[in-house]
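[1] Let's see this in three dimensions:
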Amino acid sequence: MTKIAVIGSHFVGKTTLVKKLSTHTKAEIVEEVARSCPYPVNEIATLEAQEWILKEQKSREKRVNANIIITDRGLIDNFAYWMRVAEKYLDKKDIEKRKKEVFEYSRSYDIIFFLEPFDGEIKNDNFRSLNKEWRKEMHNRIFELVQEFKEIHSGNIYFLKGSEDEIFQQAIDILKQLKII
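    Below you'll find the model as predicted:
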């Protein structure tokens, strides 16, 4: 089994890449969990919402049994959103403990594709935040976590940037190079 996490802040093309890759690889998808969260998300997310998202992400990933699994978000980027809220309520020791758990779990990803934000307007899909500053903040938080994770756990982390087609081609090339497809 190969598990691929496609991560990044909101409106960077994760869902588009996941769908294209799944068609090309016949992979099973773990869809973005936040969209089914029963609590407020985005800038107004509560700790309860972020806890639900982390727990549900792990649960959905564990239920899939396929040769190739592609997740639309992973635990690392969902943790960045959790951490943003948790910093208001929890002490650093508790946050570091959770980060250690998230990093340990994230070793289960064979490949992590981290998508960089691209220029352009954020399309209103009646779910994602349209706030570009918040997207930039979340991108920076996720980037810092990915860099820290990479230092602790060597792994296949790839930073993808470009147009929708360029990102797809980069991902396909990597999967071919690693003999996954």
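
[2] all contacts plus neighbour counts: C-alpha atoms, from now on.
    Fine.

[3] quick check: longest helix of this structure.
    helix 132-152 (DSSP state H).

[4] residues in contact with that one?
    Applying Cα atoms under 8 Å, 6 or more residues apart in numbering, the external contacts of helix 132-152 come out as 8-10, 43, 76-77, 80-81, 103, 116-117, 122, 129, 157.

[5] ok, 10 Å please
    By Cα atoms under 10 Å, 6 or more residues apart in numbering, the residues outside helix 132-152 that reach it are 7-12, 42-43, 76-81, 83-84, 99-100, 102-104, 106-107, 112, 114-117, 120-122, 128-129, 153, 155-157, 159.

[6] And stretch 56-63, by the same measure?
    3, 29-34, 36-37, 50-51, 53, 69-75, 78, 102, 105-106.

[7] Can you flag which of these belong to strands?
    3, 29-30, 69-72 (DSSP state E).

[8] For the residue in the chain sticking out farthest from the centre, report the pLDDT, please.
    Within the chain, Asp91 marks the point farthest from the mean C-alpha position, 24.3 Å out by Cα atoms, centre = their mean. With respect to pLDDT, Asp91 scores 97.

[9] Can you give me every residue that contacts it?
    Asp91 neighbours (Cα under 10 Å, 6+ apart): none.

[10] Touching, Val3 and Asp72? I think so.
    Small correction: residue 3 is Lys, not Val. No - contact criterion Cα atoms under 10 Å: Lys3 and Asp72 do not qualify, at 11.3 Å.
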